[in-house]
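Chemist: I would like the atomic coordinates for the input below:
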Amino acid sequence: MKGPNTVFVCQSCGAQSRKWLGRCADCSEWNSLAEERVTPAAAGKTGRPALTGERATLFAEIDTRDSARLSSGVSELDRVLGGGLVPGSMVLLGGEPGIGKSTLLLQAAGRVAAQGRPVLYCSGEESPHQVRARGDRLGVTEAPLFLLAETCLERVLEEWERVSPSMVVVDSIQTVFSSKLESAPGTIGQVREAATQLLFMAKGRNVPVLIVGHVTKDGGLAGPKVLEHVVDTVLYFEGDRHHAHRVVRAVKNRFGAVSELGVFRMTAGGLETVENPSKLFLSERKADVPGSVVLCAIEGTRPILLEVQALVGTGAYGNAQRVTSGVDRQRLSLLLTVLEKRAGLHLSGEDVFVNIPGGLLVNEPAADLAIAAAVASSMRNQPVPPQVALFGEIGLAGEVRGSNHAGLRVREAAQLGFTRCIVPSGNVGADVTGTGCEVHGVDTVEDALGVLFT
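Modeler: Numbering: from 1, shown residues only. You can find the predicted model right below:
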């Protein structure tokens, strides 16, 4: 009888090869092929079981009465999810080691269980005593919260059948293995098999599943890309170890807005929600300092006011530096060229440093005008008025282009006491009037600097 076949599987893209290769032929990744054994299917097996035994149903006849969202008990997590957990959905939470993924999910599991709903928490990296010790610190009460320290997928599914939970947490998917495969936990085959089986159970039992995913040294989720396609929602837990706040960002969500943001503060008693992130990020801002500007940013559907800091100094030996924190370095180089060509600022030989205090990463184009204003303020050594906030995208011709959600941005600035907003002319309309904030529309970056420094 012929033994099991041996294949080499790329741990980055999932490509298979009959022999070991130093470099994957599909994704060109070096030293990524690992040996896995593929057991032939038994005779009579026709494939995987179906999610349900139902037949095709007319769209109008589908019953949605049991699809009400389940609140996780953590308001910021519910915001990122789009209003709560959808029954039968799979949520993947990734982040750096020690950032607080297990803490957040244990808090959510404890609060769901406190509502009288049984929760199954499967830990593949910690013992029940370790999880209990963290739960005592987080204030998890006596509730129907079941802890299972198991890495075998079949045992997890058996306990799922026995407990019949309202929510399942798996920490983490890289530690779970199926006895049907001979490969090690965390490999492409094991991660794909575990995610698929959990998906079948989630859809078949209409129970939400939250799984933790490890990240690579590049910051991406470890394992095959198919893992992100299988799940319904992908969340990234971000934050700087030197700051107390943490950010949960949605990069994929089938049931809510993408790029939605939830802000938390790490304390000795766990993660606390931050209802007003703008006040948090502006709490230590120094007014009347050159190079400091307030940006009206949008993360998902939430407006957030952030401070943008810039420092311009004479470059040493003619080698100008461009250093950024929280801002794309290539975008800064583009804006500096526009300022030199269109606004007459001589920055080619100057060192330019741009920072977003608090460790938050800002990628939206509407931050261009604030960055340009901060650089010009530091270059001229002239502070921007402290009660001014601004936003807008800058084009290569020096024009200031309109941004989305202008009304939300201006209203958020008005609520925090800002009296003037510099916005693109295309955003001056009915949605930004009547907010109690004086709005100035500008067409070019030169016009914006003229309004700020006259």
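Chemist: domains in the protein, as residue ranges please.
Modeler: Segmentation of the chain into domains, based on automatic domain parsing, reads 5-38, 68-274, 280-452.
Chemist: In TSV: the ones you listed, plus mean neighbour count.
Modeler: From N, CA and C alone the C-beta is placed, and that goes for glycine too. Output for these, formatted as TSV (neighbours: other C-beta atoms under 10 Å):
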stretch	mean neighbour count
domain 5-38	15
domain 68-274	19
domain 280-452	19
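Chemist: closest to Thr57 out of these?
Modeler: When these are compared for distance to Thr57 using C-beta to C-beta, the nearest one is domain 68-274, at 14.5 Å.
Chemist: what about that closest one, start to end distance?
Modeler: 26 Å (C-alpha to C-alpha, to the nearest Å).
Chemist: Make 3 the starting number, not 1.
Modeler: Taking 3 as the first residue, the last one we looked at is domain 70-276.
Chemist: What helix or strand is Ala378 located in?
Modeler: Using DSSP states H and E, Ala378 falls within helix 370-382.
Chemist: how about JSON lines for the domains of the chain, with mean pLDDT and distance to Glu63 added?
Modeler: Shown next, in JSON lines, are the domains of the chain (pLDDT from 0 to 100; distance: least, C-beta to C-beta, whole Å):
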{"stretch": "domain 7-40", "mean pLDDT": "82", "distance to Glu63": "38"}
{"stretch": "domain 70-276", "mean pLDDT": "89", "distance to Glu63": "17"}
{"stretch": "domain 282-454", "mean pLDDT": "91", "distance to Glu63": "33"}
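Chemist: right, and these - which one's nearest Phe61?
Modeler: Closest of the domains of the chain to Phe61 is domain 70-276, at 17.2 Å (criterion: C-beta to C-beta).
Chemist: The helix holding Ala378 packs against which elements?
Modeler: Applying 3 or more C-beta pairs under 8 Å, 6 or more residues apart in numbering; DSSP states H and E, we find helix 370-382 packed against strand 294-301, strand 304-316, helix 331-344, strand 352-357, strand 390-392, strand 395-396, strand 422-426, helix 447-454.
Chemist: what does the lengthiest helix in the chain contact?
Modeler: What stands out as the longest helix in the chain, according to DSSP state H, is helix 190-207. Here helix 190-207 makes contact (C-beta atoms under 8 Å, 6 or more residues apart in numbering) with 11-13, 16, 36, 38, 40, 50-51, 53-54, 90-92, 155, 159, 162, 170, 172, 175-176, 178-180, 182-183, 185-186, 209-211, 213, 225-226, 228-229, 232-233.
Chemist: mind listing which of the residues you listed are in helices?
Modeler: Members of those lying in helices (criterion: DSSP H): Leu155, Leu159, Trp162, Val228, Leu229, Val232.
Chemist: Now the first one. Nearest residue, chain neighbours left out?
Modeler: This means Leu155. Ranked by C-beta to C-beta, 6 or more residues apart in numbering and with sequence neighbours excluded, the top spatial neighbour of Leu155 is Ser180, at 4.5 Å.
Chemist: ok so, going back, Serialize the domains of the chain to TSV and add fields for distance to Ile64.
Modeler: Output for those, formatted as TSV (distance: least, C-beta to C-beta, whole Å):
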stretch	distance to Ile64
domain 7-40	34
domain 70-276	13
domain 282-454	28
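Chemist: hmm, back to that, and for the helix holding Ala378, what's in contact with it?
Modeler: Helix 370-382 has contacts (C-beta under 8 Å, 6+ apart) with 292-297, 310-314, 329, 333-334, 337-338, 340-341, 345, 347, 349, 352, 354, 356, 385-386, 392-396, 402, 424, 426, 447, 450-451, 454-455.
Chemist: Contact partners for Gln109?
Modeler: Gly75, Val76, Leu140, Val142, Gly272, Leu273.
Chemist: and it, that one's in a helix?
Modeler: Yes - looking at Gln109 with DSSP: H, G, I helix; E, B strand; the rest coil, it is inside a helix.
Chemist: Check the gap between it and Val214 for me.
Modeler: Remark: distance between Gln109 and Val214 (C-beta to C-beta, to the nearest Å) = 14 Å.
Chemist: likewise Val158?
Modeler: Remark: distance between Val158 and Val214 (C-beta to C-beta) = 14 Å.
Chemist: Run through the helices of the stretch 3-152 of the chain in chain order.
Modeler: Assigned helices in the stretch 3-152 of the chain, in chain order: 77-83, 103-116, 130-140 (criterion: DSSP state H, counting those that start in this stretch).
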